[in-house]
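[1] The sequence and its predicted three-dimensional model are supplied below.
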2 protein chains.
Amino acid sequence: MTDRERRQVGRPATIEAPRETILAHAASLFATMGYENTSLQDVARAVGISKAAVYHYFSTKQQIYDEIVVVMLQQLEAFVRERVEKAERSEDGIRAFMVAHATFMEENFTEFVTLLHGHGGTSRVRSPGEIAARDSYETVLRTMLQQAQDRGELNIDNVASASRAILSMLNWMSRWFRPDGERRAAEFAEDYFKLLYMGFKRR
Amino acid sequence: MTDRERRQVGRPATIEAPRETILAHAASLFATMGYENTSLQDVARAVGISKAAVYHYFSTKQQIYDEIVVVMLQQLEAFVRERVEKAERSEDGIRAFMVAHATFMEENFTEFVTLLHGHGGTSRVRSPGEIAARDSYETVLRTMLQQAQDRGELNIDNVASASRAILSMLNWMSRWFRPDGERRAAEFAEDYFKLLYMGFKRR
């Protein structure tokens, strides 16, 4: 059976945007109840359709999970790109990237942290789709840094390292940031940007 | 029963440095087989003593785990402190901290990553001893940054943020660094230091 044929099992659901609706409910269930504790029956019940209707769109729970992660990475990229593209100067682009990433993380906290990073959660194999979506996202940052370097607008002599440093600071936030804390994720990202932009060296 | 009394169960082992030896073997088993899959009997067998002898020193597997993590953090702190204290200028101290942390991580990779960060592993509750050891370690860095700022030797206007940024970059290495890769962890740490020291701003 091809993927296409597998998806033909079950009846189509009679709701609007069924794929997206199933993914949204499943994401919420996975994030709150855990992947292992969520069945396709739970997903169907949350959406208000039959399990057979879920099978019309997805053949396994893993397929749903993988697609949620890919969609989330694509949404993150779209969110960040929109803000980066408004920036006029190179430094504004980097700041916009960092602040937007942190903002998206905070606005989608439970799903972002639980599904993307594993909330101290179980180890998981990344799907080829996820790896591609992640590469695509990281390329937004690396391209921006490379262009700034090529134009001589900023002092970034090691683009790979700078990109890694920025993503590391942002990614580690998923381990300690608390949405109910006093400061917003974007504020921490601003601090990090200033630090990287100005540097420790006394001038 | 007090902790002291609990420890008196079983006979003392007839090996040298029994506590340390038990911890070392347990750490290696937890890191390779996983905490859940390791029994106190496995630990006793690896050390070459009876299970009763293990009970003479530790009352539960959790107690052994917690102590391993605390000991590892204390070793990390001792390792890093020794290298930081040799540094003459503030910037050398920060570089030494970053390079030493990365080196220690690489030299103790499996245990460091599996036990301290959870290798995509199960979530765990941090013991009070671990929290204290972690605070103590982070204070080494924060104190160094604060002193550099107070002496006006470096341009670090937000010590909390700078400290968090440095530790984030180092901690995130536990998620992507591969000991069998081409570059040493210390080299990545050097890159990060240069980036933070010089800053992105063109001068």
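    Arrived safely, thanks for sending.

[2] ok now do A:Asp202, which residues does it touch?
    Not quite, residue A:202 is Arg, not Asp. B:Gly152, B:Glu153, B:Leu154, B:Asn155 (Cβ atoms under 8 Å, 6 or more residues apart in numbering or on different chains). C-beta coordinates here come from the backbone N, C-alpha and C atoms, glycine included.

[3] give me phi/psi at the residue of chain A found nearest chain B?
    Of all residues in chain A, A:Gly199 sits closest to chain B, at 2.3 Å by Cβ to the nearest Cβ. In terms of degrees, to the nearest 10, the main-chain angles of A:Gly199 are phi 80, psi 160.

[4] burial count for it?
    Neighbour count of A:Gly199, defined by other Cβ atoms under 10 Å in any protein chain shown: 22.

[5] re the thing from before, buried ones among the contacts of A:Arg202?
    With neighbours counted by 16 or more other Cβ atoms under 10 Å in any protein chain shown, the contacts of A:Arg202 contain buried members at B:Glu153, B:Leu154, B:Asn155.

[6] Without its sequence neighbours, what residue ends up closest to the first one?
    With Cβ to Cβ, 6 or more residues apart in numbering or on different chains as the criterion, B:Glu153 has its nearest non-adjacent residue at 4.3 Å, and that residue is B:Ser90.

[7] what's around that neighbour, how many residues?
    20.

[8] got it, and the one 3 residues further on?
    B:Gly93 is flanked by 23 other residues according to other Cβ under 10 Å.

[9] same question, A:Ala189
    Close neighbours of A:Ala189, defined as other Cβ under 10 Å, add up to 25.

[10] List the contacts of it.
    By Cβ under 8 Å, 6+ apart, the contact set of A:Ala189 is A:Met98, A:Val99, A:His101, A:Ala102, A:Thr103, A:Leu170, A:Met173.

[11] Let me know the closest of the residues you listed to A:Ala148.
    Nearest to A:Ala148 among the contacts of A:Ala189 is A:Met98, at 14.0 Å by Cβ to Cβ.

[12] Helix or strand for the closest residue to that closest one other than its chain neighbours, just tell me which one.
    The shortest distance from A:Met98 to any residue that is not its chain neighbour, by Cβ to Cβ, 6+ apart, is 4.3 Å, and that residue is A:Ala189. In the assignment (DSSP states H and E), A:Ala189 maps to helix A:185-198.

[13] Quick one: work out the angle between that helix and helix B:185-198.
    Interaxial angle of helix A:185-198 relative to helix B:185-198 (axes from the mean of the first three to the mean of the last three Cα atoms, to 10 degrees): 90 degrees.

[14] which element is the closest residue to A:Leu154 other than its chain neighbours on?
    Leaving aside its sequence neighbours, A:Leu154 sits nearest to A:Ala148 (Cβ to Cβ, 6+ apart; 4.3 Å). Using DSSP H and E, A:Ala148 falls within helix A:128-150.

[15] list the buried ones in that helix?
    Result for helix A:128-150 [16+ other Cβ under 10 Å]: buried residues A:Glu130, A:Ala133, A:Arg134, A:Tyr137, A:Val140, A:Leu141, A:Arg142, A:Met144, A:Leu145, A:Gln146, A:Ala148, A:Gln149.

[16] since we're on A:Val70, how many residues are nearby?
    Using other Cβ under 10 Å, A:Val70 has 19 other residues around it.

[17] residues contacting the residue lying closest to the residue of chain A closest to chain B once chain neighbours are set aside?
    Excluding its sequence neighbours, the residue lying closest to A:Gly199 (Cβ to Cβ, 6+ apart) is B:Gly199, at 2.3 Å. By Cβ under 8 Å, 6+ apart, B:Gly199 lies in contact with A:Asn155, A:Leu196, A:Tyr197, A:Met198, A:Gly199, A:Phe200, A:Lys201.

[18] related to what we said a few turns ago, thought the residue nearest to B:Glu153 was touching B:Asp150?
    No: applying Cβ atoms under 8 Å, one finds B:Ser90 not in contact with B:Asp150, separated by 10.3 Å.

[19] Any quick PyMOL command for the buried ones out of the contacts of B:Gly199?
    Listed next is the PyMOL selection for buried residues among those, using 16+ other Cβ under 10 Å:
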select buried, chain A and resi 155+196+198+199+200
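
[20] Any chance of CSV for the contacts of B:Gly199, columns distance to A:Ala165 and pLDDT?
    Below are the contacts of B:Gly199 laid out as CSV (distance: Cβ to Cβ, whole Å; pLDDT from 0 to 100):
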residue, distance to A:Ala165, pLDDT
A:Asn155, 14, 93
A:Leu196, 7, 96
A:Tyr197, 12, 96
A:Met198, 14, 95
A:Gly199, 12, 96
A:Phe200, 13, 94
A:Lys201, 16, 95
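
[21] In the contacts of B:Gly199, find the pair that's most separated.
    Checked with Cβ to Cβ, these reach their widest spread between A:Asn155 and A:Phe200, with 13.5 Å between them.
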